[in-house]
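S.K.: Structural data only, the sequence is not supplied:
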């Protein structure tokens, strides 16, 4: 499957680019591998977007519940950026990538 990096993981790789990430934001990478289903630890609802939330509209993250709400739906993470691992470079999700994730049932999708 495709690798997702959490805020702390990305911060260690590229501190300058990670500064603008929200604590509940994931970054999808171009890195793939095969893992046994037994390696899955938990399921998480991910809100996929093609751009970050404007600063005045960032949902409140409830840390003790590991959750935020957007349009009355509950999510644990949000993803709007991808990482080219070998180049160590961030970019916003492309329309193709967004469609792949938002249409797969892997989470919600908002443009």
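M.R.: Received it, and whenever you're ready, just let me know what you need. Quantities reported herein were computed from a predicted structural model and do not represent experimental measurements. Numbering: from 1, shown residues only.
S.K.: what about the helices in the protein?
M.R.: 7-13, 15-18, 95-102 (DSSP state H).
S.K.: And the ones you listed: which comes nearest residue 28?
M.R.: With Cβ to Cβ, the closest approach to residue 28 among the helices of the chain belongs to helix 95-102: 7.1 Å. C-betas here are computed from N, CA, C, even on glycine.
S.K.: Any chance of TSV for the helices of the chain, columns mean neighbour count and mean pLDDT?
M.R.: Shown next, in TSV, are these (neighbours: other Cβ atoms under 10 Å; pLDDT from 0 to 100):
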stretch	mean neighbour count	mean pLDDT
helix 7-13	14	75
helix 15-18	13	69
helix 95-102	16	81
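S.K.: Same list, those, but as a markdown table with distance to residue 50 please.
M.R.: Output for these, formatted as a markdown table (distance: least, Cβ to Cβ, whole Å):
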| stretch | distance to residue 50 |
| --- | --- |
| helix 7-13 | 19 |
| helix 15-18 | 18 |
| helix 95-102 | 5 |
